[in-house]
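> Requesting a structural model of the entry that follows:
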Amino acid sequence: MSELISPEILSEIFKFLYTKEEGKINLFNCVLVNRYWCRTTIPILWLDPFSFFDNKMSLDGLISTYMACLTNKERRSLEKQGIEVPKKVKSPSFDYISFLKNLNYDGLISSLFHLGCNDGVYKKNDSFGIMLPALLEILANRDLALQSLELKNHDRRGDWDREFMHLVDRKIRPLIKPVKKIYLDCNVLDARFLPLLSGQCQRVRHLYIVMHVEKSKKGSIICERDATYYAKLIDKQKSLEILAIEKFTKYFKNILPSFKTQIQSLRVIEFINSNFKECESLEVIASCENLERLIFRGCNNLSTKILRPLFNANFSKLKEISFESSERNEEIEIWLQKFNVIH
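Purely as a prediction, here's the structure:
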């Protein structure tokens, strides 16, 4: 009876469930209904596996499943690099690796980290150091057409610079080149990382950048450097549509000029928890005539002077302005009311 629903429609229903709270649990239940539902559900469950781990068993299970999906050629490649590959492994019902579309890099690293971890203590003499680049190369050779990349480096021991540099290695370029969405919330000390990422990922449609807090003079230098590199990442994109910037407290002079290269394509601009004290003007945003959503959430020091270029901008396609800030004065209120009357 369930086969009366086409696989395309069923897939869309399951994707909708996947986005809801406890969606993954609901989809696990769908797998058990029958084979038809199982074949439709599994690719959705495994499109972003490294974002859903909560204990050591699930971490180990992810890697074990991926290892079971390796081809003979891929197994031999790992063995040549000194990585032990289980000999007697039952072939899985699906090639789970082929479903990967969204790569949570921190999740991948955390999964592999347990191969060289004992009671939370990192052991550098274990296979982690060679397993990460080896697995990335396998993924790069799989023609996966990756859609999104999530980059974070929080609350874990290890050599972050080396681990992130593996991702922008020339051999891994086929994996990250097709990416359409990037979430950046990382603090990589190696100055080569962001420029290399900009050179390899130039088809991004959705970019989310989180600036790290300055905790020292050295941290301040790194933040200013990264702001310049973020600007280059924006500048390199062919057609950026959604741009979100979080926790920028300065360096707007570094990043705002890069918006000029995307004024025809930008549809959504969002500032979150940012301080505009050192920003002189948002005139460049006024040039984004195709803008549909403009959001300021939890921002400070958004003065009338900074916002004034937006008051008379020709935003003919704008559907939403969200302004959550303590600096709401009469002139800003008139601007918001004017927009609400028109729309």
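> Within the helices and strands, which one has residue 269?
Using DSSP states H and E, residue 269 sits within strand 268-272.
> In the sheet, which strands lie alongside that strand, parallel or antiparallel?
strand 242-246 (parallel), strand 293-299 (parallel) (DSSP bridges).
> Show me what the helix or strand following the last one is packed up against.
Downstream of strand 293-299, the next assigned helix or strand under DSSP H and E is helix 304-311. Contact analysis of helix 304-311 by 3 or more CB pairs under 8 Å, 6 or more residues apart in numbering; DSSP states H and E lists helix 283-286, helix 330-342 as its packing neighbours. C-beta coordinates here come from the backbone N, C-alpha and C atoms, glycine included.
> what about 6 Å?
helix 283-286 (3 or more CB pairs under 6 Å, 6 or more residues apart in numbering; DSSP states H and E).
> Against which helices or strands is the helix it packs on packed?
Checking 3+ CB pairs under 6 Å, 6+ apart, helix 283-286 ends up next to helix 304-311.
> ok, and for the helix it packs on, which residues are buried?
For helix 304-311, the neighbour count (16 or more other CB atoms under 10 Å) marks 306, 307, 308, 310 as buried.
> and residue 51, what is it in contact with?
104, 107 (CB atoms under 6 Å, 6 or more residues apart in numbering).
> where's it relative to residue 318, distance?
32 Å (CB to CB, to the nearest Å).
> can I see the domain layout of this protein?
1-45, 47-342 (automatic domain parsing).
> So which of the ones you listed is the most surrounded?
domain 47-342 (a mean of 16; mean count of other CB atoms under 10 Å).
> what's the spacing between it and its chain's center?
4 Å (CA atoms, centre = their mean, to the nearest Å).
> Now do it, average pLDDT.
Domain 47-342 carries an average pLDDT of 85.
> before we move on, the earlier item: in CSV, list the buried residues of helix 304-311 along with distance to residue 327.
CSV is the format used below for the buried residues of helix 304-311 (distance: CB to CB, whole Å):
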residue, distance to residue 327
306, 9
307, 9
308, 13
310, 14
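> of all the residues you listed, which comes closest to residue 6?
residue 310 (45.8 Å; CB to CB).
> wait, what's in contact with that closest one?
Counting by CB under 6 Å, 6+ apart, residue 310 makes contact with 282, 286.
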